[in-house]
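Student: With the sequence up front, the predicted model follows.
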Amino acid sequence: MDLVTLLAINAAILLTLFFVLWLIFQKTRDVTPIDSVWALGMVALAISSFLFGSASDDRKYLLLGLCAVWGLRLGGYMLWRWRDHGPDRRYEAMVGKAKTNKGWGFGQATARLVIAPQAPMLFIVCLPVQLGQAGPPVALGMLAMVGAALAVVGIIFETVSDWQLTKFKKNPDNAGKVMQYGLWRYTRHPNYFGDACVWWGLFLIAAETPAGIWSFFGPALLTWTLMKWSGAPTVENRLHKTREGYADYVRRTSGFIPMPPKAS
C-alpha cells in the first residue's frame with residue numbers, strides 16, 4: 001500500500017474514533033476520557049500502519065511494540081485517574097467559559113475546543129509509527145537501536161514518575177505540599193520528559209526509512225506542547241497559586257531535562 005493511502009486510512013480511523021467519542025461525551029457530559037484516547041488512539045494508528053505498511057517486519061514490530069507498551073500503560077493510567085479523581089477541572093473550565101462567554105452549547109464547545117484541536121495533533125504526533133512502517137523495507141541500523149533504547153528509558157521514566165506522584169498524593173499528610181522527591185527532585189515534569197523521550201526514540205527508529213525522516217514534526221510538536229502550551233504552563237500556573245513553596249521549587253529544579261537541583 002502506498003503512503004498516501006495508508007495515511008488516508010489512518011485519518012479515517014481517527015476521525016471515526018473521535019466522532020464516536022464526541023457522541024459519547026454528549027451523553028456523559030464529561031470529556032476527561034479524551035486524555036486516555038490520546039494514548040490509545042496512537043496505538044490504534046500503530047496497529048493500522050502495521051497491518052497495511054510495507055516496511056521491514058523487524059521495524060514494524062519494534063515500532064508497534066514500543067508504541068503499544070507506551071500507549072496501553074498511559075491510556076490505562078489516565079482512565080484510572082479519571083475514575084479515581086473525577087472530571088478534569090481544566091476541561092470543565094474551558095467548556096464552561098465557552099458556554100458563558102460565547103453562548104456555545106456543550107456539543108459545540110466540546111467539538112471546537114476539544115475534538116477539533118486534539119484529533120489533528122494526535123495524527124501529527126503519531127507520524128513516527130505511521131511513516132516508519134510505510135516502507136520501503138530497510139534493515140534496522142544503529143540509529144534504530146539508539147531510538148529503541150531512548151524510548152524504553154522514556155517509558156520507564158514516565159511510569160516511575162506517575163507512580164511516585166500517585167503515591168505522594170495518596171498520603172493525606174502531603175495535602176497542599178509540593179511533590180519534590182524521587183524523579184521530581186531532578187525535573188519538575190519527569191512524566192513529560194519521559195513522554196518526549198518515547199516519541200523522539202520512535203522518530204529515530206522511523207528516521208532510517210525515506211518517509212520516516214519527515215516524522216520529525218511529530219515529536220517536535222509534542223515537545224512544544226508539553227513545554228510551552230497545554231503541558232507544563234497549565235500545571236505550573238495552577239501550582240503557583242495552590243502550593244506554598246512552589247516558587248522555591250521552581251528556582252531549584254530544572255523545568256524539563258533532569259539535572260541536579262540547585263541550592264535553595
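Tutor: Perfect, I can see it now. Keep in mind it's a predicted model, so treat the numbers as computed, not measured.
Student: Distance from stretch 174-191 to the middle of the chain?
Tutor: The chain centroid and the centroid of stretch 174-191 are separated by 19 Å under CA atoms, centre = their mean, to the nearest Å.
Student: residues in contact with that stretch?
Tutor: Residues outside stretch 174-191 that contact it (CB atoms under 8 Å, 6 or more residues apart in numbering): 157-158, 160-162, 164-165, 168-169, 193, 226, 231-232, 235-236, 239, 242-246, 249-250, 253-261. In this view, the C-beta of every residue, glycine as well, is placed from N, C-alpha and C.
Student: Just the buried residues out of the residues you listed, in PyMOL syntax.
Tutor: Burial among the contacts of stretch 174-191 is assessed by 16 or more other CB atoms under 10 Å; the matching PyMOL selection reads:
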select buried, resi 157+158+161+162+164+165+168+193+226+231+232+235+236+239+246+249+253+254+256+258
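Student: Can you tell me which of the contacts of stretch 174-191 end up in strands?
Tutor: Nothing among those maps onto strands, per DSSP state E.
Student: Just the ones in helices from the contacts of stretch 174-191, please.
Tutor: Secondary structure defined by DSSP state H assigns 157-158, 160-162, 164-165, 168-169, 193, 226, 232, 235-236, 239, 242, 246, 249-250 of those to helices.
Student: which residues sit in contact with residue 260?
Tutor: Here residue 260 is in contact with residue 186 (criterion: CB under 8 Å, 6+ apart).
Student: just residue 200 next, same as before
Tutor: Applying CB under 8 Å, 6+ apart to residue 200 gives the contacts 147, 150, 154, 219, 223.
Student: Could you measure from it over to residue 248?
Tutor: Shown here: residue 200 relative to residue 248, a distance of 31 Å by CB to CB, to the nearest Å.
Student: now do residue 205
Tutor: According to CB to CB, residue 205 and residue 248 sit 40 Å apart.
Student: Spatially, which residue comes closest to residue 130, not counting chain neighbours?
Tutor: Once flanking residues are discounted, residue 130 sits nearest to residue 49: 4.8 Å by CB to CB, 6 or more residues apart in numbering.
Student: Where does the one you found fall, secondary structure wise?
Tutor: helix 34-52 (DSSP states H and E).
Student: so for the helix or strand hosting residue 196, what's the average pLDDT?
Tutor: Assigned by DSSP H and E, residue 196 falls within helix 190-206. For helix 190-206, mean pLDDT is 97.
Student: Return it as CSV; C-alpha atoms alone will do.
Tutor: Extracted as CSV, the C-alpha positions of helix 190-206 are listed here (Å, rounded to 0.1, in the frame of the first residue of the first chain):
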residue,chain,number,x,y,z
PRO,A,190,9.5,13.9,34.7
ASN,A,191,6.4,12.4,33.2
TYR,A,192,6.5,14.9,30.3
PHE,A,193,10.2,14.3,29.9
GLY,A,194,9.6,10.6,29.6
ASP,A,195,6.8,11.2,27.1
ALA,A,196,9.1,13.2,24.9
CYS,A,197,11.9,10.6,25.1
VAL,A,198,9.5,7.9,23.9
TRP,A,199,8.4,9.8,20.8
TRP,A,200,11.9,11.1,19.9
GLY,A,201,13.0,7.5,20.3
LEU,A,202,10.3,6.3,17.9
PHE,A,203,11.3,9.0,15.5
LEU,A,204,14.9,7.7,15.5
ILE,A,205,13.6,4.3,14.6
ALA,A,206,11.5,5.7,11.8
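Student: That'll do, ta.
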